[in-house]
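1. whatever this is, show me its structure:
(4 chains)
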Protein chains: 2
Amino acid sequence: MTNILRENIEKTIDQSLTDKEFETFTQFFFQKSFDKKSILAEESKTCKYVYFILKGSAYSYYINDNGEKTVIQFAIENYWITDQYSFFSGKPGIYFIETLEPIDVLVLNRENYDQLCCSNQLFERFFRLLLQNAFIALQYRLAKTHSEEAESRYLEFSILYPHFVQRIPQYLIASFLGIKPQSLSRIRKKIADAK
Amino acid sequence: MTNILRENIEKTIDQSLTDKEFETFTQFFFQKSFDKKSILAEESKTCKYVYFILKGSAYSYYINDNGEKTVIQFAIENYWITDQYSFFSGKPGIYFIETLEPIDVLVLNRENYDQLCCSNQLFERFFRLLLQNAFIALQYRLAKTHSEEAESRYLEFSILYPHFVQRIPQYLIASFLGIKPQSLSRIRKKIADAK
DNA sequence: TTCATTTCTTAACCTATGTGAACGGTAAGA
DNA sequence: TCTTACCGTTCACATAGGTTAAGAAATGAA
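-> Next up, the predicted model:
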């Protein structure tokens, strides 16, 4: 079951782990399952964990002063998700994390995260690379948000993440793209009609 | 002159450096000056350096297929700027980096970056925290972009970064906020009239 | 100082996306 | 099976922000 974690690490650091290294790594995690619509992290409460998804899906979102939800991140098998700010600072969270489907996750708390990073420079490097990749992707997403119309953002999204399009409700994809569900519906119709 | 670098590091890692540690750190950098409107990094060319700004200002931007510019980041004294993707992967860059004013920078190349990180765990930690802070800020910016109107984004920007509002041309701030200069002008007029 | 260039403002008009509401389909729970 | 809540679609209308164009103001070079 944790094989996908091993692949995830090896792919990220671009080298193999010994069995012993991988065993050390996993010892810092515990596995947990949640129902659909479970809250894994909540705004204004400290986000104590980093989650690695073995099975199922979740997403994080921001709620503004008008109570409107904006999707920050989707996560399915093989993805990591947390509220970075809250996890690392220990301060109240900014985002919610909620499961979309029943989910199996590997859970890492802050203490274990620190120990893990200390135990082997390779692990610290892994988390740095994870963060680096996330940052790069996010910067690109913002550039696109500001420079492309919703239609081309949706097209790019559905090419880059076809598995998301299949599993995630449209109104959440709309929110991720920064538009309303009705607008996404209109865009999809336009694309379909053009074919 | 490099005192502001020392403050920057100590503030980020939340601890003091010994004189010797700081000296080691700075040895990996060289100082350089550029005129206004110099290109420090260019799309499709490898971005070989990370810049720390001692004096002056610069910004990074993305140019889309229609040749339209979108501002990614502003950087003044005490800021770091680079094209992360290109710098760390060695692949062709995605963004441009250009000076806004004549500038003095400390420059770090990839080889020295790696050595610096190896030489002392503290330095590796410093760069990780830098990245972490940048990621958190970027995620928040995206959340706001998708959930607030341009007017409130501008108001928040001018509260969070009053020194930017003073030094950076409005048409670049507009781009940073994801709107056109005319729209920012309209928004500013509306705010002024309301007072 | 003068001239040229860049930046900012204003205005009229346009368009992508938002809003509110209604309808039908589908999945989940009783 | 029935019921209910949720989700996606469509439509008519509203609006924030884009577009085009022109002139004013600021900046920089000569």
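
2. low-confidence ranges in chain A?
-> Residues of chain A meeting the criterion pLDDT under 70: A:195.

3. after the longest helix anywhere in it, next one along is what?
-> The longest helix of chain A (DSSP state H) is helix A:121-147. Of the helices and strands lying after helix A:121-147 in sequence (DSSP states H and E), the nearest is helix A:150-160.

4. hmm, who's touching that following helix?
-> A:144-145, A:148, A:164-165, A:173, A:176-179, A:183-184, A:187-188, A:190-191 (CB atoms under 8 Å, 6 or more residues apart in numbering or on different chains). To be clear about C-beta, it is placed using only N, CA and C from the backbone, and glycine gets the same treatment.

5. neighbour-wise, give me the winner out of those.
-> A:Phe176 (24 neighbours; other CB atoms under 10 Å in any protein chain shown).

6. on the three-state scheme, it is what?
-> Following DSSP: H, G, I helix; E, B strand; the rest coil, the label given to A:Phe176 is helix.

7. need the residues of chain A near chain B, please.
-> Counting by CB under 8 Å from any CB of the partner chain, chain A comes close to chain B at A:62, A:64, A:68, A:70, A:72, A:84-85, A:88, A:94-95, A:124, A:128, A:131-132, A:134-136, A:138-143, A:145-148, A:175, A:178.

8. just the buried members of the residues you listed?
-> By neighbour count, with 16 or more other CB atoms under 10 Å in any protein chain shown, the residues of chain A next to chain B hold A:62, A:70, A:72, A:84-85, A:88, A:94-95, A:124, A:128, A:131-132, A:134-136, A:138-139, A:141-143, A:145-148, A:175, A:178 as buried.

9. quick one: contacts for the nearest residue in space to A:Tyr51 that is not next to it in sequence?
-> Residue nearest to A:Tyr51 in three dimensions, not counting chain neighbours: A:Val105, with 4.4 Å by CB to CB, 6 or more residues apart in numbering or on different chains. Going by CB under 8 Å, 6+ apart, A:Val105 touches A:Gln31, A:Lys32, A:Ser33, A:Phe34, A:Leu40, A:Tyr51, A:Phe52, A:Ile53, A:Leu54, A:Gly56.

10. how does it look with 6 Å?
-> A:Lys32, A:Tyr51, A:Ile53 (CB atoms under 6 Å, 6 or more residues apart in numbering or on different chains).

11. now these in a markdown table, with distance to DNA strand D and neighbour count?
-> Output for the contacts of A:Val105, formatted as a markdown table (distance: CB to the nearest atom of the strand, whole Å; neighbours: other CB atoms under 10 Å in any protein chain shown):
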| residue | distance to DNA strand D | neighbour count |
| --- | --- | --- |
| A:Lys32 | 23 | 14 |
| A:Tyr51 | 21 | 24 |
| A:Ile53 | 19 | 23 |
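
12. which ones among those residues map onto strands?
-> Of the positions in the contacts of A:Val105, A:Lys32, A:Tyr51, A:Ile53 sit in strands, assigned by DSSP state E.

13. and which of those is nearest to chain B?
-> Minimum distance to chain B across the ones in strands among the contacts of A:Val105 is 16.4 Å, recorded for A:Tyr51 (CB to the nearest CB).

14. was I right about the closest one contacting A:Asn78?
-> No. In this structure, A:Tyr51 is not within contact of A:Asn78 by CB atoms under 6 Å, at 11.9 Å.

15. who in chain A is up against DNA strand C?
-> A:Glu149, A:Ala150, A:Glu151, A:Gly178, A:Ile179, A:Lys180, A:Gln182, A:Ser183, A:Arg186, A:Ile187 (CB under 7 Å from any atom of the strand).

16. which stretches of chain A form strands?
-> Under DSSP E, chain A gives strands at A:30-34, A:39-41, A:49-55, A:58-63, A:69-75, A:80-81, A:96-99, A:103-109.

17. surely A:Thr82 meets A:Val50?
-> Yes. Contact between A:Thr82 and A:Val50 holds when scored by CB under 6 Å: they sit 4.3 Å apart.

18. from the chain's centroid, how far away is stretch A:107-119?
-> Going by CA atoms, centre = their mean, to the nearest Å, the spacing between the C-alpha centre of stretch A:107-119 and its chain's C-alpha centre is 19 Å.

19. and which of the contacts of A:Val105 is nearest to B:Phe25?
-> Distance to B:Phe25, by CB to CB, is smallest for A:Tyr51 among these, at 35.1 Å.

20. distance of that closest one relative to A:Lys45?
-> 15 Å (CB to CB, to the nearest Å).

21. could you do A:Leu184 as well?
-> Taking CB to CB, one finds A:Leu184 at 31 Å from A:Lys45.

22. likewise for A:Ile191?
-> Counting by CB to CB - A:Ile191 and A:Lys45 are separated by 40 Å.

23. ditto for A:Leu54
-> On the measure of CB to CB, A:Leu54 and A:Lys45 end up 24 Å apart.

24. same check on A:Ala150?
-> 33 Å.

25. name the residue in those two with the higher neighbour count.
-> Neighbour totals were compared for A:Ala150 and A:Lys45, and A:Ala150 leads with 17 against 13 (other CB under 10 Å).

26. give the contact list for the residue lying closest to A:Tyr161 once chain neighbours are set aside.
-> Excluding the flanking residues, the one nearest A:Tyr161 by CB to CB, 6+ apart is A:Phe74, at 7.7 Å. A:Phe74 makes contact with A:Tyr59, A:Phe164, A:Ile168, according to CB under 6 Å, 6+ apart.

27. from those, pick the one nearest DNA strand D.
-> The closest of the contacts of A:Phe74 to DNA strand D turns out to be A:Ile168 (CB to the nearest atom of the strand; 7.9 Å).

28. now do the contacts for that closest one.
-> Counting by CB under 6 Å, 6+ apart, A:Ile168 makes contact with A:Phe74.
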